[in-house]
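Chemist: make a model of this:
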Amino acid sequence: MSLFSLDGRTALVTGAARGIGFAIADALGQAGARVVLNGRSQDGLDGAAAILRGKGVDVATSLFDVTDQPAVKAAIAAVEQDVGAIDILVNNAGIQRRAPLDRFDDDDWRELMATNLDSVYYVSKAVAPHMIARGHGKIINIGSVQCELARPGIAPYTASKGAVKNLTKGMCADWARHGLQVNAIGPGYFDTPLNKALVEDPVFDAWLCQRTPAGRWGKLEELHGAAVFLASSASNFVNGQTIYVDGGILSVI
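Modeler: I've put the predicted structure just below:
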């Protein structure tokens, strides 16, 4: 099982105060990594860090806006200097905006793309030179089943996640030769704050449970295994892939 150990490694997780980001930070910490939590609310980060420290995880926090490229560059430099070399990067920060495409607000489009797509480029581009210089590194981008599927009312989100999938492939194409592995996790439908409106919609809940072979929403802890695998030496020849953790929904729709 030493292949899956993250002892001695440092992981930066964006959007880590709650939801999927927090769950992945928890998983990496439990596997032995020092975890740096990123977010835009210090109170939220402090609360998340306190929970993880209560589990014995070595935690630091880094407050910065992933859509602000100069702030990203400064923050990554500070983490590298003050916390340690970033061995694992998880690009998780994301938002959702729902409306029919013909009525979608242009400002919402720009905010969604900046958060879901631009941030993956900004943070990865700031971290990758350090990893390249060291000859190793793991980057995990958080996609979605919407990398492959569309639903009414979320066309921009679908576009952003499809782009994340192909950006993951592009990062692999450019950086694998330098010892980096860049992959993505595509979660299905999980009970998270981002999906609150769907979880509370009885019609959608019934549809989802009927159409998902597993017959239910995902539990956040069910993302732990994929995250630890992609962050560890067990995945050293896995590159440019998107692993879907979706209860089988992509197999039947």
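Chemist: how far off centre is the biggest strand by length in the chain?
Modeler: The longest strand of the chain (DSSP state E) is strand 180-187. In terms of C-alpha atoms, centre = their mean, to the nearest Å, the centre of strand 180-187 is set 9 Å apart from its chain centre.
Chemist: in its sheet, which strands sit next to that strand, and in what direction?
Modeler: strand 137-142 (parallel), strand 242-245 (parallel) (DSSP bridges).
Chemist: run a quick neighbour tally on residue 128.
Modeler: Residues within reach of residue 128, counting by other C-beta atoms under 10 Å, total 21. For every residue, glycine as well, the C-beta is placed using N, CA and C.
Chemist: next: residue 22.
Modeler: Using other C-beta under 10 Å, the number of residues around residue 22 comes to 23.
Chemist: residue 216 now?
Modeler: 13.
Chemist: these two touch, right, it and residue 247?
Modeler: Yes. In this structure, residue 216 is within contact of residue 247 by C-beta atoms under 8 Å, at 7.0 Å.
Chemist: would you map the helices across the stretch 51-200 of the chain?
Modeler: Ranges of helices within the stretch 51-200 of the chain are 69-82, 106-113, 119-134, 155-175, 196-199, based on DSSP state H, counting those that start in this stretch.
Chemist: which residues are in contact with the last one?
Modeler: Translated: helix 196-199. Helix 196-199 is contacted by residues 98, 189, 191, 204-205, 208, 217 when judged by C-beta atoms under 8 Å, 6 or more residues apart in numbering.
Chemist: same question for the third one.
Modeler: Defining contact as C-beta under 8 Å, 6+ apart, one finds that helix 119-134 is touched by 12, 14, 66-67, 69, 72-73, 76-77, 80, 85-87, 89, 91, 93, 137, 139, 141, 164, 167, 171, 175, 178-180, 182.
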